[in-house]
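*Asks:* Got a predicted structure plus its sequence, pasted below:
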Amino acid sequence: MTGLAARLAGVSASGTMAAAAEAERLRRAGRDVVDLSAGEPDFPTPAHVKAAARAAIDGDFTRYTAVGGIPELREAICARYAEDYGVQVSPEGVVVTAGGKQALFNVALALLDPGDEVITHAPCWPTIPEQVKLMGAVPVLVSTRPEAAFAVDAGAILGAITPRTKAILLNSPCNPTGALIDEQTVATVAEAAARHGIWVIADLCYERLIYDAEVGHNLPRVLFDWHRDRTVLVGSASKTYAMTGWRCGWSIAPRSLTVALGLIQGQSTSHVTSITQKASIAALTGPQDAVAAMRAEYRQRRDAIHAWVTSHPAIRCVKPGGAFYLFPDVSRLLPAAGIDSSAGFAQALLEREQVVLTAGEVFGAPGHLRLSYATSTDRLREGADRILRLATALQPQAPRAPTEAR
């Protein structure tokens, strides 16, 4: 189509949203769909959070607020980081946004000029490089490997630095792999970034969904210790509190950048919905039992679906340390079946078994699939059965028996 801005020429549509739309289309057609594409919790928003929203409506808290969020919410975000990470954040450094995605977009718009480079690790959430490209900047993807559990290698990140590098963007736990970045790696990256004057942006939207308590993952403290002057933290209520539709995220940044972020938001979306802000205060300051309960349930689901899917000898999969995704490698299934990509496998799975998931090509990882276990164990079992049925049809050999209880 002619007449559109040139900046759109290299930007791709959201593959994850496309998978969700396909699942909805099939459901509306009356098909028994197992949707393993959804990147959102299947739990209800906690009751006390919904009660706070109702109270806000009943109290007529329905007018404009400050662009960056009401003071009480920004203070609640600061208090949460003080309790969880032992870091001191000023409310003046917080901008409340319509989800973590807007926070990342605001930061990209404030920092990036055409030709700047942003280093991040792949496989990655596709929004990250696409937002960089929207700014006319260049995403530089540093690959991680399943043989190393998709761990980010500090040396590889630092080896990608050039005179044009403006920022390094880290995502942990990672969407789509569920991999965690360890504190030493972040410290090494931050120390080098400080020497080069490079910004470090940390997307921590899954930060409360980490399954092994002994894993050191205090990335805010590490980044503040090494590089506070050019660190941006991005967080969200969406995954932690099952509040995806409420649209509440935030950025935490140095004061000078926060002023710019407020300017951008003030001339675009303005503030987050007033009702959402009151609900988010309740989420952040109220009881955290629901977070622990969701995390425990996700852990059980992770262990079950991992055992079921990998019972087929041709499917390999790293068990994730966080988030709620598996990222299995199905490449060994493809050649004998005449399928040339994981996108082709996902399409066959959709057409033959009505299972919806997201092909690895969306995340820059051909041969893989992203499978969300943010759904009930019964539906996960059904989805696993259908995946194994197709896998066995493509490569007829008896799967090993699942090693975990159904």
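*Replies:* Yes, it's here. Model, not experiment: these values are computed from the prediction.

*Asks:* List the buried residues for the longest helix anywhere in the chain?
*Replies:* Longest among the helix segments of the chain by residue count, using DSSP state H, is helix 289-309. Within helix 289-309, the residues that count as buried by 16 or more other CB atoms under 10 Å are 290-291, 294-295, 297-299, 301-309. Glycine gets a C-beta too; all of them are placed from N, C-alpha and C.

*Asks:* Going along the chain, name the strands of this structure.
*Replies:* Ranges of strands within the chain are 34-35, 94-97, 117-122, 138-143, 165-171, 199-203, 231-236, 249-252, 325-326, 355-356, 358-359, 369-372, based on DSSP state E.

*Asks:* any chance of those in TSV, with mean pLDDT, distance to F224 and mean neighbour count too?
*Replies:* Converted to TSV, these look like this (pLDDT from 0 to 100; distance: least, CB to CB, whole Å; neighbours: other CB atoms under 10 Å):
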stretch	mean pLDDT	distance to F224	mean neighbour count
strand 34-35	93	39	22
strand 94-97	98	14	28
strand 117-122	98	20	24
strand 138-143	98	24	17
strand 165-171	98	14	23
strand 199-203	98	10	25
strand 231-236	98	7	26
strand 249-252	98	10	26
strand 325-326	98	28	26
strand 355-356	94	40	26
strand 358-359	94	34	27
strand 369-372	97	31	28
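
*Asks:* First-to-last residue distance for stretch 199-210?
*Replies:* 25 Å (CA to CA, to the nearest Å).

*Asks:* same deal with stretch 146-157?
*Replies:* Termini of stretch 146-157 sit 17 Å apart (CA to CA).

*Asks:* got a list of contacts for it?
*Replies:* 119, 121, 123, 142-144, 168, 170, 172, 174, 177, 179, 181-182, 184-185, 188-189, 316, 318, 327, 329, 368 (CB atoms under 8 Å, 6 or more residues apart in numbering).

*Asks:* before we move on, the earlier item: mind giving me TSV with the strands of the chain and columns for distance to V87?
*Replies:* TSV is the format used below for the strands of the chain (distance: least, CB to CB, whole Å):
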stretch	distance to V87
strand 34-35	37
strand 94-97	12
strand 117-122	23
strand 138-143	27
strand 165-171	16
strand 199-203	12
strand 231-236	9
strand 249-252	9
strand 325-326	27
strand 355-356	39
strand 358-359	34
strand 369-372	30
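
*Asks:* I'd say R389 and E353 touch.
*Replies:* Yes: contact criterion CB atoms under 8 Å: R389 and E353 qualify, at 6.5 Å.

*Asks:* okay, those two: which has more neighbours?
*Replies:* E353 (20 against 15; other CB atoms under 10 Å).

*Asks:* For G364, which residues are in contact?
*Replies:* G364 is in contact with A122, P123, C124, P126, P129, L141, counting by CB under 8 Å, 6+ apart.

*Asks:* Quick check: V152 vs T269, distance?
*Replies:* Separation of V152 from T269 (CB to CB, to the nearest Å): 32 Å.

*Asks:* returning to that earlier point: what about burial for the contacts of stretch 146-157, which qualify?
*Replies:* 119, 121, 123, 142, 144, 168, 170, 172, 174, 177, 179, 181-182, 185, 188-189, 316, 318, 327, 329, 368.

*Asks:* Low-confidence bits of the stretch 201-350 of the chain, can you list those?
*Replies:* 214-215 (pLDDT under 70).

*Asks:* Check the stretch 1-150 of the chain too.
*Replies:* 1-2, 15-17, 19.

*Asks:* Please, where are all the helices along it?
*Replies:* 15-28, 47-58, 71-85, 99-111, 127-134 (DSSP state H, counting those that start in this stretch).

*Asks:* so what's H368 closest to, chain neighbours aside?
*Replies:* G360 (3.2 Å; CB to CB, 6 or more residues apart in numbering).

*Asks:* now W125
*Replies:* The shortest distance from W125 to any non-neighbouring residue, by CB to CB, 6+ apart, is to N175 (4.4 Å).

*Asks:* ok, G93 touching V259?
*Replies:* No: look at G93 against V259 with CB under 8 Å: they stay out of range, at 10.0 Å.

*Asks:* These two - which one has more neighbours?
*Replies:* Between G93 and V259, counted using other CB under 10 Å, the more crowded position is G93 (22 against 15).

*Asks:* which residues in the stretch 201-350 of the chain form helices?
*Replies:* With DSSP H, counting those that start in this stretch applied, the stretch 201-350 of the chain shows helices at 219-227, 255-266, 274-285, 289-309, 334-337, 342-353, listed in chain order.

*Asks:* For S90, see how far away the residue nearest to R228 when sequence neighbours are not counted is.
*Replies:* Among residues not flanking R228 along the chain, P254 sits closest, at 7.5 Å (CB to CB, 6+ apart). Distance, P254 to S90, using CB to CB: 10 Å.

*Asks:* got it, and G155?
*Replies:* 34 Å.

*Asks:* Might you report the residue contacts of the residue minimising distance to the centre of the chain?
*Replies:* Compute the mean C-alpha point of the chain, and by CA atoms, centre = their mean the closest residue is N175, 4.3 Å away. Contacts for N175 were tallied using CB under 8 Å, 6+ apart; they are G39, C124, W125, C205, Y206, A323, Y325.

*Asks:* Just among the residues you listed, which is most surrounded?
*Replies:* Going by other CB under 10 Å, A323 tops the contacts of N175 with 30 neighbours.

*Asks:* Report the contact partners of that residue.
*Replies:* A323 makes contact with P173, C174, N175, G178, Y206, L209, K239 under the criterion CB under 8 Å, 6+ apart.

*Asks:* Roughly how far does the fifth one sit from Q354?
*Replies:* In this case it means Y206. From Y206 over to Q354 (counting by CB to CB), the distance is 28 Å.

*Asks:* The first one now?
*Replies:* For P173, the distance to Q354 under the criterion CB to CB works out to 29 Å.
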